[in-house]
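K.L.:
test case, fold it:
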Amino acid sequence: MNGKKVIVAIPARYGSTRFPGKPLALLAGKPMIQHVYEKAAASCADEVIVATDDQRIADAVAGFGGVAVMTRSDHPSGSDRIQEAVAGRGADVIINVQGDEPLIPTALIDELIRVMTADPQPEMGTVAVAAAREKMQDPNRVKVVFGADGNALYFSRSMIPFLRDGGSDPGVFLHWGIYGYRSDVLAKFVKLPAGKLENCEKLEQLRALENGIRIRVITADCESIGVDTPEDLVEAEQRLKGVL
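P.N.:
Residues are numbered from 1 along each chain as shown. Just a heads-up that it's a prediction; the model follows:
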């Protein structure tokens with residue numbers, strides 16, 4: 001990894017409008033946060049931490065032998081929480097893996113680490129997955145378009161690119177919310193005010209684009225499931241058992 005120290009940081013909070021306490025929800029007999037931690041720990045990262053503001057989550061992480069870092073409870077986003085958690089740990093690259101991604105492939109984390117430690121090193125990185133246009137109308141499914149250089153052009157809850165009659169469809173890509181940051185870029189990012197686009201779409205990554213921070217997009221052909229509701233947890237359990 002070119003001598004660069006990589007930390008995977010997993011933001012996890014207990015409060016959730018749709019699914020309170022979901023990091024501790026049991027999935028195949030283990031807390032969901034443990035599944036995420038184990039996938040990250042199997043990667044080529046130098047260190048894995050859970051960034052949380054809840055003692056119950058910290059205790060659960062300690063219970064399975066993981067490392068939890070307590071953070072303030074007033075952070076507006078996971079990026080802010082991660083920045084506090086990694087401060088002073090000497091990271092060159094930080095990978096943000098969401099605490100509600102129990103099925104994330106370790107190989108995907110490794111690929112993002114590879115991209116973020118390559119020379120020349122991107123400022124930020126993220127992942128996109130090709131998706132069927134007809135299944136992407138839901139505004140909760142964020143779309144991304146990127147240029148020939150692989151850098152993101154825009155993220156939106158609306159359908160992008162719009163396919164006009166007679167147009168040629170370049171495909172639709174679902175944004176997968178795993179991020180890589182250079183440490184200096186993360187420190188800069190969390191100090192920036194929310195911009196017009198972020199306030200409009202409520203997508204934090206637009207703050208980076210509005211301020212000229214380039215986000216490299218890598219494409220993956222694998223699929224995971226983010227657990228936002230109890231119903232998602234049931235689906236994740238079925239996938240683990242090979243039912244789906």
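
K.L.:
can you count the residues close to residue 166?
P.N.:
5 (other C-beta atoms under 10 Å). Placement of C-beta: from N, CA and C, glycine included.

K.L.:
which pLDDT value belongs to residue 223?
P.N.:
In the predicted model, residue 223 carries a pLDDT score of 72.

K.L.:
helix, strand, or coil at the residue nearest to it when sequence neighbours are not counted?
P.N.:
Closest residue to residue 223 apart from its sequence neighbours, by C-beta to C-beta, 6 or more residues apart in numbering: residue 129 at 6.5 Å. Following DSSP: H, G, I helix; E, B strand; the rest coil, we place residue 129 in the strand state.

K.L.:
surely residue 129 meets residue 220?
P.N.:
Yes. Judged on C-beta atoms under 8 Å, residue 129 makes contact with residue 220 at a distance of 5.5 Å.

K.L.:
any shared contact partners between these two?
P.N.:
Common neighbours of residue 129 and residue 220, using C-beta atoms under 8 Å, 6 or more residues apart in numbering, are residue 176.

K.L.:
coming back round to it: mind listing what the residue nearest to residue 223 touches?
P.N.:
Per C-beta under 8 Å, 6+ apart, neighbours of residue 129: 173-174, 176, 219-223.

K.L.:
going by neighbour count, which of these comes out on top?
P.N.:
residue 176 (25 neighbours).

K.L.:
for that residue, give me the pLDDT.
P.N.:
Confidence score, pLDDT, at residue 176: 92.

K.L.:
from the centroid of the protein, which residue is nearest?
P.N.:
Nearest residue to the geometric centre of the chain (C-alpha atoms, centre = their mean): residue 178, 2.3 Å.

K.L.:
could I get the CA-only coordinates of the strand or helix carrying that residue as CSV?
P.N.:
Using DSSP states H and E, the element containing residue 178 is strand 172-182. Presented in CSV, the C-alpha positions along strand 172-182 are these (Å, rounded to 0.1, in the frame of the first residue of the first chain):
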residue,chain,number,x,y,z
VAL,A,172,-27.5,3.9,-14.8
PHE,A,173,-25.2,3.5,-11.8
LEU,A,174,-26.4,3.1,-8.2
HIS,A,175,-24.1,4.8,-5.7
TRP,A,176,-22.8,2.6,-3.0
GLY,A,177,-22.1,4.7,0.1
ILE,A,178,-18.6,3.4,1.0
TYR,A,179,-16.0,6.2,0.8
GLY,A,180,-12.2,6.5,0.8
TYR,A,181,-10.5,9.8,1.9
ARG,A,182,-7.0,11.0,2.0
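
K.L.:
need the CA coordinates for stretch 67-82. PDB is fine.
P.N.:
Extracted C-alpha coordinates of stretch 67-82, given in PDB (Å, rounded to 0.1, in the frame of the first residue of the first chain):
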ATOM      1  CA  VAL A  67     -12.000  -1.600  18.800                       C
ATOM      2  CA  ALA A  68     -14.500   1.200  19.400                       C
ATOM      3  CA  VAL A  69     -13.800   4.900  19.700                       C
ATOM      4  CA  MET A  70     -16.300   7.100  21.600                       C
ATOM      5  CA  THR A  71     -17.200  10.300  19.900                       C
ATOM      6  CA  ARG A  72     -19.400  13.300  20.500                       C
ATOM      7  CA  SER A  73     -23.100  12.900  20.100                       C
ATOM      8  CA  ASP A  74     -23.700  16.100  18.100                       C
ATOM      9  CA  HIS A  75     -21.900  15.300  14.800                       C
ATOM     10  CA  PRO A  76     -24.100  16.100  11.800                       C
ATOM     11  CA  SER A  77     -22.700  13.300   9.700                       C
ATOM     12  CA  GLY A  78     -20.700  10.100   9.700                       C
ATOM     13  CA  SER A  79     -17.800  11.900   8.100                       C
ATOM     14  CA  ASP A  80     -17.600  14.200  11.100                       C
ATOM     15  CA  ARG A  81     -17.700  11.300  13.500                       C
ATOM     16  CA  ILE A  82     -15.000   9.500  11.600                       C
END
